[in-house]
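# no sequence on this one, just coordinates:
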């Protein structure tokens, strides 16, 4: 069993019988009391791993139904197709009293060593991690989640932390799990949603930016070490924005691509508004 | 009732009772006998429109389970959440003897006029439609689908049609439905998958490029007229590629973003290999 407080232990699921699984999320993995979406997606993926018997989510999509709160979750899974190399399955994650997340994914087994036939562009260029800006929770943005991911922002993209938004909606960062925990394919589902919102350097409130939908393609198993992330938003309209993320490992290999559709943040009040989103 | 042979009539669904719908796809909407994935996604979306009572797919994802053949389809829908502005639902599309497509989507109603707060980049720059290259079916790539979408490729991106691949994996084109049929939000789900594969200008076989998963964000209701499309692939590895698509309308407004994960095409043999993908 993995150590308490790790990503592996927090996303672990236990069987409750055929196609039913249980997970427990302690306090401290949230943004303004809402459990991080990438973490919830990772939990669903852990159940789908078990249900399909296949380790890697080639493509997985989650639609967030209501905010999740720390506590118990029950996951219902359904395998829709078992092929020779791929299985497709869906899941519904239920919190204390209602469904919080619907998931659809196709699982298989990633190649042991990657054969790259085409790669246009490469990883983001960043100063060394020790020369970047470590993200910490602040009074103005109480995200306990930052204790569970080590994020080092490019200094040019970290100016919003000091009240001087750069105007750019691209965030470049190093990411890793704390305490030397290794990152597997499911850890990538978490990292793509664990950076600060891309629009914090533009003219938007520093507040919870709820994810409506998140899709991740895991393209390769990450090598040990730091991940470099580039997250960018190009279009904000009618209350919605997209966030595109690429994750690169220390071999300069693209390991994941993700896109989410999120809601433009509303100014936050304390205590946080408990109204379900949308 | 819409005219036979139109997109509207081909994607129409009729009720078979609570949460069950029927559609019929005639021959001629396929690539090497496989019904186009965007068309199947549009059919599922039509059923989800009816099931949720909401017109517009803000975000919709389909996972393709087995190739679809022309004929009857039955769609089972399930509404997972009805919110004040958004409803999330899932669907399973069944062909003659097996499930072909699993779908998860969130529906609402798009704004009547769009408020754009941020737009980095704009529509692709193309010569006038009459100065572009109209895509037609050829002996070497028998895609009957091209009769049901009017695609005019940028001449620089059309060289693969003459056996001189440009080397670029970006395809810029004008798109519209034939016979003056208007494009609604669901028509966008079809257009994002109705262009030639992006990798036909690179060193890959001109063959069916099966979609594993397709996600579309509809960002605005399209204005009447031509749509400009830019489709690009940056990474091909381990048998997979992503295809990113943006659609812009005549107001220079982004109306949809899409990404799919597809399988690298295999050289084709005639008759087409009936083996289900993956």
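Noted; the coordinates are in hand. Being a predicted model, the structure only gives us computed values, none of them experimental.
# who's in contact with residue A:171?
By C-beta atoms under 8 Å, 6 or more residues apart in numbering or on different chains, the contact set of residue A:171 is A:153-154, A:157, A:195-196, A:198, A:201, A:229-232. Yep, even glycine has a C-beta here, placed from its N, CA and C like the rest.
# Give me the below-cutoff pLDDT ranges for the stretch 51-200 of chain A.
Counting by pLDDT under 70, the stretch 51-200 of chain A shows low-confidence ranges at A:139-142.
# quick revisit: closest one of the contacts of residue A:171 to residue B:189?
Each of those was scored against residue B:189 by C-beta to C-beta, and residue A:232 proved nearest at 24.2 Å.
# ok, how many other residues are close to the nearest residue to the closest one once chain neighbours are set aside?
Distances taken as C-beta to C-beta, 6 or more residues apart in numbering or on different chains place residue A:170 nearest to residue A:232, at 4.2 Å, with adjacent residues excluded. Using other C-beta atoms under 10 Å in any protein chain shown, residue A:170 is surrounded by 18 other residues.
# thought residue A:170 was touching residue A:229?
No - using C-beta atoms under 8 Å as the test, residue A:170 is too far from residue A:229 to be in contact (10.7 Å).
# Pick out the most distant pair among the contacts of residue A:171.
For the contacts of residue A:171, the maximum inter-member distance is 15.1 Å, found between A:201 and A:229 (C-beta to C-beta).
# Just the buried positions in the strand ranked longest in chain A, please.
Counting by DSSP state E, the longest strand found in chain A is strand A:71-82. Taking 16 or more other C-beta atoms under 10 Å in any protein chain shown as the neighbour-count basis, strand A:71-82 is seen to contain the buried residues A:73-77, A:79-81.
# Now do it: everything it contacts.
Taking C-beta under 8 Å, 6+ apart as the rule, strand A:71-82 contacts A:13, A:16, A:19-25, A:40, A:43-44, A:47-48, A:50-52, A:87-96, A:100, B:63, B:65-66, B:92, B:99, B:102.
# Can you turn the buried part of these into a PyMOL selection?
Buried members of those can be picked out in PyMOL with the line below, counting by 16+ other C-beta under 10 Å:
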select buried, (chain A and resi 13+19+21+23+25+40+43+44+47+48+50+51+52+87+88+89+90+91+92+93+94+95+100) or (chain B and resi 63+65+66+92+99+102)
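# In strands, which of the contacts of strand A:71-82 fall?
When strands are assigned by DSSP E, the members of these inside them are A:16, A:20-25, A:87-94, A:100, B:63, B:92, B:99, B:102.
# where's residue A:117, which helix or strand?
Secondary structure assigned from DSSP states H and E places residue A:117 in strand A:116-119.
# same question, residue A:188
Secondary structure assigned from DSSP H and E places residue A:188 in helix A:185-191.
# Just list what that helix packs against, helices and strands only.
The helices and strands touching helix A:185-191, judged by 3 or more C-beta pairs under 8 Å, 6 or more residues apart in numbering or on different chains; DSSP states H and E, are helix A:37-52, strand A:56-64, strand A:211-218, strand A:227-232, strand A:254-263.
# quick revisit: make TSV out of the contacts of residue A:171 and add neighbour count.
Output for the contacts of residue A:171, formatted as TSV (neighbours: other C-beta atoms under 10 Å in any protein chain shown):
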residue	neighbour count
A:153	23
A:154	22
A:157	26
A:195	24
A:196	23
A:198	26
A:201	23
A:229	26
A:230	22
A:231	24
A:232	17
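# Flag every residue of the stretch 101-250 of chain A that's near chain B.
Counting by C-beta under 8 Å from any C-beta of the partner chain, the residues of the stretch 101-250 of chain A lying close to chain B are A:102-106, A:108, A:110-111, A:114-121, A:169, A:199, A:202, A:212-213, A:215, A:217, A:219-220, A:233-238, A:240-242.
# Give the buried subset of those residues as a ChimeraX selection command.
Restricted to buried positions by 16+ other C-beta under 10 Å, the ChimeraX selection for those reads:
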select /A:102,103,104,105,106,108,110,117,118,169,199,202,212,213,215,217,219,220,233,234,235,236,237,238,240,241,242
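# List the contacts of the closest residue to residue A:95 other than its chain neighbours.
Counting by C-beta to C-beta, 6+ apart, the nearest residue to residue A:95 once its immediate chain neighbours are dropped is residue A:68, at 5.2 Å. With contacts defined as C-beta under 8 Å, 6+ apart, the neighbours of residue A:68 are A:25, A:34-35, A:40, A:93, A:95, A:100-101.
# Alright, calling it a day.
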